[in-house]
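> turn this into a structure:
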Amino acid sequence: MRPALFSLLTIAVLGACSGPRVDVVAETAAVQARSQGIAAAEAAQDTEAALAYWAEDAIAQGAGSPQGQGHEAIRALYSRLFGAGQLKEFEGITSHLEVSQAGDLAYEYGVNRFVLAGTDGDLLDIGKYLAIWKKIDGEWYVAALSFTSDAPAPVSVQSN
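As a prediction, this is how the structure comes out:
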């Protein structure tokens, strides 16, 4: 009887310590949906819609820009990108997305593609990004984003 009682207590203690189970597949799908949402808002150059995907204290490290923290700094970054009329097209393509086993953090990396209006024609800039997602009050938000170019300067877009 004692070995059975010990086994039962061990199982109960281990079960209590393991915490709630996280459905990583469902959380991955939720982050993917949020990622697609922010990419659509950015492609539409909709600052307010894009800001809805950012944590209040998020950090953005844009190429050629100082680090910004918080919604006002990120709004300023979007204003520089969208407001000058230079950005003609934007696309972010996820290469990899991974959610932590705890289900509260995720990271995503991929490729970004910008078409900019230049004085002598359109310019193409292709680079990469790394986004950290954090689950806050049951919803996924960008906690940090860094993006850079793969080239020293955008290249001319050749028309066919």
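> can you list the buried residues in the helix of greatest length in the chain?
When the chain is scanned for its longest helix (criterion: DSSP state H), the result is helix 24-43. For helix 24-43, a neighbour-count test (16 or more other CB atoms under 10 Å) marks 27, 30-32, 34-35, 38-39, 41-42 as buried. No exception for glycine: its C-beta is placed from N, CA and C like everyone else's.
> distance to F90 added to those residues, as CSV?
Conversion of these to CSV gives the following (distance: CB to CB, whole Å):
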residue, distance to F90
E27, 26
A30, 23
V31, 20
Q32, 18
R34, 17
S35, 14
I38, 11
A39, 8
A41, 10
E42, 5
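> same for the longest helix of the chain, what does it pack against?
Using 3 or more CB pairs under 8 Å, 6 or more residues apart in numbering; DSSP states H and E, the elements in contact with helix 24-43 are helix 47-51, strand 87-99, strand 105-118, strand 121-136, strand 139-149.
> work out the gap between it and the centre of the chain.
Distance of helix 24-43 from its chain centroid, counting by CA atoms, centre = their mean, to the nearest Å, is 8 Å.
> out of the helices and strands packed on helix 24-43, which comes closest to S65?
strand 139-149 (9.6 Å; CB to CB).
> that closest one vs helix 24-43, what angle?
If you take axes from the mean of the first three to the mean of the last three CA atoms, to 10 degrees, strand 139-149 sits at 60 degrees to helix 24-43.
> show the average pLDDT along strand 139-149.
Averaging pLDDT along strand 139-149 gives 96.
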